[in-house]
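Visitor: Next comes the sequence, and after it the predicted model I'd like to discuss.
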Amino acid sequence: MKRVALFAALVAVVVGAAAAVAGGARQASPTKLTVWVGWSAGHELTVFKQVAAEYDKAHPDITLSIVGGITDTKIVAAIRSGQAPDVVSSFNSYNVGIYCGTGAWRDLAPFMAKSHIKASMFPAATLYYTQYEGKRCALPLLADTYGLYYNKTLFKKAGITQPPKTMSELAADAKKLTQKNKDGSFKVVGLDPMIGFYENVPERWVAAFGGKWTDAKGNSTLATSPGWAKWLTWHKSLLDWYGYKNLVKFQAGLGDEFSSSMAFEIGKLAMVMDGEWRVAFIQNEHPELNYGTAPLPVDDAHPELYGSGYINGTIIGLPKNGGHVDQAWDLVKYLTTNTHALAVLSNGLRNVPSTSASTHSKELTPDSHFAPFLKIFAHPKSGTSPITASGQSYINLVQQFVIKYQAGKVKDLAAGLRDTDKQLDAQVKQAKGGGGVP
Amino acid sequence: MLLLMSPWLVGFSVFFGYPLVMSAYLSLHHYDLLSPPRWVGLANYRYLFFTDPQVGAAVKNTLWMIAVLVPLQVLFALGVALMLARARRGIGLFRTIFYLPALTPPVAATLGFVYILNPVTGPVNNILKRIGIDGPLWFQDPSWAKPSLVILGLWGVGNTMVIFLAAVLDVPQHLYESAELDGANWLQRLRWVTLPTISPVILFAVILGVIQGLQYFTQAYVAGNIASGQASQAADVTSVGLGYPEDSTLFYPVLLYQHGFSDFQMGYASAMAMLLLAVSFAVTLVIVLNSRRWVHHAAGALK
């Protein structure tokens, strides 16, 4: 075995040297491609670098430089400065409307046509969040789906035999699982749904109530789509059972979400709504945790939604002033469509692989904790949030309203939702270029 | 003459004149940072005055901060300066101790305060708990978040304090002596000798405080992000941290930053900046005009 490895290494060196010599005739040194990614947590960036190194090795005319911890602010600043990287990716799709709409990320349609890449190889939800008004400037690179994590030890202690399937079961279990200290503070909280806490954001919860964001014209429908009021009423009644302030105090004493003292991982939360990547975090930080995963429970009146969930994910593209366009596209094509690359990334990051073919890849390490997320990804009712001209601030505006509501500052829910509808429509209009001026 | 002024001229035009003109220009345009600015007339201002759902809260918070923090800062700095001026020994030591916090970078100071005032793990609430008081939630409670920032502001009042101390020590001794001969007590000497003599310095501190209050950003930005628990998510852009909790620390410059840099609406953010400039100018003008009634200028200066 050792000898084989040695031989392989030798071959690689010789081939590499030959390629370098051959390349040297055309070009003094291999082309350096700079790639920006959002991953920064220790194991995550390492896995991405491994996959990149594999590609690097197979392409002697290219060397890759990977930069982690990238945010949308940095991406925009780089594109503005004219010194953009060759390949750029963002952790989520919220700002895709801005990237595609302004042309800050290149239109990928001509590249895809040339390389015979068909959009239909990606599931519908991921296709939606990588374009804006028909302009495709990004491709999905792994996807995130959200579900319910539950602590089996605490379930057993409370006499609960299976994960909840409806929202009323979820609330009942959450109450049953909550334990208090002698001084009245919480020792264990069954489920903390407070918006702004860990992964709790409106888009991931409202999906379970079938709330719709916009009508066919793109106008906001928070007040008219009944899912919203239903979700918020459920949400508030559970919060009020804990007492809003008690829960705020409990949260203030908890560990950071992306540290090994994250509350679910250390048993302070019996259930948590979280992304599929948590499986890898638990594996790395608390392999001893006895837990299960399931789809997020759904509104009692909509059992057909069970099994679906919210989908979003990392998007990748070519900034307009990045260089080496053809080589950069080749890398993007590899990362987003190659089943092997996606499977390795998925195994390491425990993110959902983002082509239909790769979700069935034999290379995927089977894992009972991870499997439910693959099913959520494939579920026909799974969806994502709207891509609008105002990007991230669209979602933020909704979140601000919910935060006021959950704190008890909104007296009339229906009127509040109507106001938010108006504000969202005005915001999009403003983002598109201001009050009606052509 | 022009040559002698040139460093100032260059600095002024590059770092002040150009941004100012550019802001005014951009405020009339739709500018998303990525595509060229497009003329939209007064649309940004219309959105600012009539539509933006967050401006109201941001203005209210900013006014609250100025109304509370500036007078307290002046009182506190003056009080410390007066005490130090009366100290017979160790004045240098105490001066250093009171000045030290002002040397802490605002980000570090804010981080420290958020940890110290953590309602569960922080030492302040733990001590309060030991003496039987259920401490407030500080930075996690919308009605305590601004007061917490005020405490932070008072802790770092060293700069103003040093200036006050210099002014107090500079009051001519013979004025005190004659006042004493007239039988003035400590309070009367303060009211009729010290305060009038140092009034120009108080005016300076008030104007500076108000302008800093209008631009209050760093502390609020850091406190909101840390207290909301969102700071570690480097790549997660949900800016729920800004203004946390419940928009209680959403100050005007924080909102401006959010619109300009995380919502990519630089044209609109420029309109907000222009309004801020106009307000700063107007407020300063009002204070300066009003100050003629209470600021005492020695021997015919500025008359």
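Guide: That came in fine, so what should we check first? Keep in mind that this is a model prediction, so the values were computed, not measured.
Visitor: Secondary structure class of the closest residue to chain A within the stretch 101-250 of chain B, three-state.
Guide: Of all residues in the stretch 101-250 of chain B, B:V120 sits closest to chain A, at 3.0 Å by C-beta to the nearest C-beta. For every residue, glycine as well, the C-beta is placed using N, CA and C. Three states are possible here, and by DSSP: H, G, I helix; E, B strand; the rest coil the one that applies to B:V120 is coil.
Visitor: Distance of it relative to B:G135?
Guide: Separation of B:V120 from B:G135 (C-beta to C-beta, to the nearest Å) stands at 10 Å.
Visitor: The residue of the stretch 101-250 of chain B closest to chain A contacts A:A252, doesn't it?
Guide: Yes: between B:V120 and A:A252 a contact is recorded at 5.0 Å, counting by C-beta atoms under 8 Å.
Visitor: Give me the more crowded residue out of these two.
Guide: The residue with more neighbours, out of B:V120 and A:A252, is A:A252; 21 against 17, by other C-beta atoms under 10 Å in any protein chain shown.
Visitor: Just the strands from the stretch 101-250 of chain A, written as ranges.
Guide: Using DSSP state E, counting those that start in this stretch, the strands of the stretch 101-250 of chain A run over A:131-132, A:135-136, A:139-151, A:179-180, A:186-191.
Visitor: Please identify the deepest-packed of those strands.
Guide: strand A:139-151 (a mean of 26; mean count of other C-beta atoms under 10 Å in any protein chain shown).
Visitor: Figure out how far that one is from the centre of its chain.
Guide: 6 Å (C-alpha atoms, centre = their mean, to the nearest Å).
Visitor: pLDDT below threshold where in chain B?
Guide: Residue ranges of chain B with pLDDT under 70: B:230-240, B:298-303.
Visitor: which helix of it spans the most residues?
Guide: Longest helix in chain B, counting residues (DSSP state H): helix B:55-86.
Visitor: need the strands of the stretch 101-250 of chain A in a markdown table with distance to chain B and mean pLDDT, can you?
Guide: Below are the strands of the stretch 101-250 of chain A laid out as a markdown table (distance: least, C-beta to the nearest C-beta, whole Å; pLDDT from 0 to 100):
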| stretch | distance to chain B | mean pLDDT |
| --- | --- | --- |
| strand A:131-132 | 13 | 94 |
| strand A:135-136 | 13 | 94 |
| strand A:139-151 | 11 | 96 |
| strand A:179-180 | 15 | 96 |
| strand A:186-191 | 11 | 96 |
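Visitor: how many neighbours does residue 105 have?
Guide: With no chain named, the answer covers chain A. 31.
Visitor: Hmm, no, I was thinking of chain B.
Guide: 9.
Visitor: Same question for B:G183.
Guide: 7.
Visitor: tell me the phi and psi of it?
Guide: phi 90, psi 20 (degrees, to the nearest 10).
Visitor: can you pull the contacts of B:N118?
Guide: The contact partners of B:N118, taken as C-beta atoms under 8 Å, 6 or more residues apart in numbering or on different chains, are A:A252, A:G253, B:N125, B:W138.
Visitor: One more pass at 7 Å, please.
Guide: Counting by C-beta atoms under 7 Å, 6 or more residues apart in numbering or on different chains, B:N118 makes contact with A:A252.
Visitor: what does B:L169 give?
Guide: B:L169 neighbours (C-beta under 7 Å, 6+ apart): B:A85.
Visitor: pull the CA atoms of the helix or strand hosting A:L397 into PDB?
Guide: Using DSSP states H and E, A:L397 sits within helix A:392-406. Only the C-alpha atoms of helix A:392-406 are listed here, as PDB (Å, rounded to 0.1, in the frame of the first residue of the first chain):
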ATOM      1  CA  GLN A 392     -31.600  41.300   2.500                       C
ATOM      2  CA  SER A 393     -33.500  44.300   3.800                       C
ATOM      3  CA  TYR A 394     -36.700  42.800   2.500                       C
ATOM      4  CA  ILE A 395     -36.400  39.900   4.900                       C
ATOM      5  CA  ASN A 396     -35.100  42.200   7.600                       C
ATOM      6  CA  LEU A 397     -38.200  44.400   7.500                       C
ATOM      7  CA  VAL A 398     -40.400  41.400   8.100                       C
ATOM      8  CA  GLN A 399     -38.100  40.300  10.900                       C
ATOM      9  CA  GLN A 400     -38.300  43.700  12.600                       C
ATOM     10  CA  PHE A 401     -42.100  43.500  12.600                       C
ATOM     11  CA  VAL A 402     -42.000  40.000  14.100                       C
ATOM     12  CA  ILE A 403     -39.600  41.100  16.800                       C
ATOM     13  CA  LYS A 404     -41.900  43.900  17.800                       C
ATOM     14  CA  TYR A 405     -44.800  41.500  17.800                       C
ATOM     15  CA  GLN A 406     -43.200  38.800  19.900                       C
END
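Visitor: Can you list the buried residues in that helix?
Guide: A:392-406 (16 or more other C-beta atoms under 10 Å in any protein chain shown).
Visitor: Would you map the strands across chain B?
Guide: With DSSP state E, the ranges of strands along chain B come out as B:29-30, B:38-39.
Visitor: And chain A, is the last one touching that?
Guide: Spelled out, that is strand B:38-39. Yes: Strand B:38-39 is in contact with chain A by C-beta under 7 Å from any C-beta of the partner chain, via B:R38.
Visitor: Which strands and helices lie in contact with that strand?
Guide: The contact analysis (3 or more C-beta pairs under 7 Å, 6 or more residues apart in numbering or on different chains; DSSP states H and E) places strand B:38-39 against strand B:29-30.
Visitor: Each with direction, which strands does the strand it packs on pair with?
Guide: strand B:38-39 (antiparallel) (DSSP bridges).
Visitor: Identify all contacting residues around the partner strand.
Guide: Under C-beta under 7 Å, 6+ apart, the answer for strand B:38-39 is A:G433, B:L28, B:H29, B:H30.
Visitor: Relative to the whole chain's centre, how far out is it?
Guide: On C-alpha atoms, centre = their mean, the centre of strand B:38-39 falls 34 Å from that of its chain.
Visitor: just stretch B:51-62 next, same as before
Guide: With C-alpha atoms, centre = their mean, you get 18 Å for stretch B:51-62.
Visitor: for stretch B:280-295, same thing?
Guide: 17 Å.
Visitor: buried ones in it?
Guide: In stretch B:280-295, counting by 16+ other C-beta under 10 Å, buried: B:S280, B:V283, B:T284, B:S291, B:V295.
Visitor: Chain B contacts on the stretch 51-200 of chain A?
Guide: So far as C-beta under 7 Å from any C-beta goes, the stretch 51-200 of chain A lies against chain B at A:69-73, A:76, A:79-80, A:91, A:94, A:98, A:102-104, A:196.
Visitor: can we see that at 10 Å?
Guide: Residues of the stretch 51-200 of chain A found near chain B (C-beta under 10 Å from any C-beta of the partner chain) are A:68-77, A:79-80, A:90-92, A:94-95, A:98-99, A:101-105, A:183, A:185, A:195-200.
Visitor: from those residues, which ones fall inside helices?
Guide: Using DSSP H, the subset of these located in helices is A:D72, A:T73, A:K74, A:I75, A:V76, A:A77, A:I79, A:R80, A:I98, A:Y99, A:G101, A:T102.
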